[in-house]
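Engineer: Quick one: sequence plus predicted model below, questions after.
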Amino acid sequence: AQTVTQSQPEMSVQEAETVTLSCTYDTSESNYYLFWYKQPPSRQMILVIRQEAYKQQNATENRFSVNFQKAAKSFSLKISDSQLGDTAMYFCAFMKPYNNNDMRFGAGTRLTVKP
Amino acid sequence: GAVVSQHPSWVICKSGTSVKIECRSLDFQATTMFWYRQFPKQSLMLMATSNEGSKATYEQGVEKDKFLINHASLTLSTLTVTSAHPEDSSFYICSAREVEQWGNQPQHFGDGTRLSIL
């Protein structure tokens, strides 16, 4: 079974600074997908960024980028130029590309951006 | 973009009643939908995988007679919490898988349902 570990329950960052959220996972699969989701107080799940394991290039989406280390099974999220609206829970998730490909989530990291 | 509508967003009911939650994919077909449960300040836990036209697959520890799932069409899955009790109070979220190219199958989430059993 796949497990996803987020070792930072809470983090804070000053507005405009950069913060990195950690995520590690355990799998025997060679191909899979990794995601970061944001859940603000409204509890809506918002896709931040995703990475296919077979792609060596790290995914980027504007201020969000990942550091994907496949051998180390590490998938960290970097948020640059943090904004107050980035305050939320962030979940790392793993998904296999077949067999109903359900998504497994980490425990989450609560990020607070301070003015 | 793909939209998943979940209804109701909040429901309060008495212990012993049954509650139905709907999950609809509005602009795409979803052969597979997923139901998650989220306790306060915790992560999403997969309850079951719902496939159109077949029985749902439940995760270990989830009572299938308590949480009835029906996926009768390519755009609608329902979760019915039967004979609900206070311990069933939680936040329930559905997601639907949009089938794009093989292997690139993102899930789109509904906005969730807050269930409170008195």
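Structural biologist: Noted; the coordinates are in hand.
Engineer: From now on I want contacts and neighbour counts done on CA atoms only, so please keep to that.
Structural biologist: OK.
Engineer: Quick one: mean pLDDT for stretch A:107-115?
Structural biologist: What stretch A:107-115 shows for mean pLDDT is 97.
Engineer: List the buried residues in it.
Structural biologist: For stretch A:107-115, a neighbour-count test (16 or more other Cα atoms under 10 Å in any protein chain shown) marks A:Ala107, A:Gly108, A:Thr109, A:Arg110, A:Leu111, A:Thr112, A:Val113 as buried.
Engineer: In CSV, list these along with distance to chain B.
Structural biologist: Formatted as CSV, the buried residues of stretch A:107-115 follow (distance: Cα to the nearest Cα, whole Å):
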residue, distance to chain B
A:Ala107, 5
A:Gly108, 6
A:Thr109, 10
A:Arg110, 9
A:Leu111, 13
A:Thr112, 14
A:Val113, 18
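Engineer: Now, these that are in strands?
Structural biologist: Residues of the buried residues of stretch A:107-115 located in strands (DSSP state E): A:Thr109, A:Arg110, A:Leu111, A:Thr112, A:Val113.
Engineer: dump the residue contacts of the third one.
Structural biologist: What it means is A:Leu111. By Cα atoms under 8 Å, 6 or more residues apart in numbering or on different chains, the contact set of A:Leu111 is A:Glu10, A:Met11, A:Ser12, A:Val13, A:Asp86, A:Thr87, A:Ala88, A:Met89, A:Tyr90.
Engineer: partner residues bridging the residue nearest to the spatial centre of chain A?
Structural biologist: Nearest residue to the geometric centre of chain A (Cα atoms, centre = their mean): A:Trp36, 3.1 Å. Beta bridges link A:Trp36 to A:Ile49, A:Cys92 when assigned by DSSP bridges.
Engineer: tell me the contacts of it?
Structural biologist: A:Trp36 is in contact with A:Leu47, A:Val48, A:Ile49, A:Arg50, A:Leu77, A:Tyr90, A:Phe91, A:Cys92, A:Ala93, counting by Cα under 8 Å, 6+ apart.
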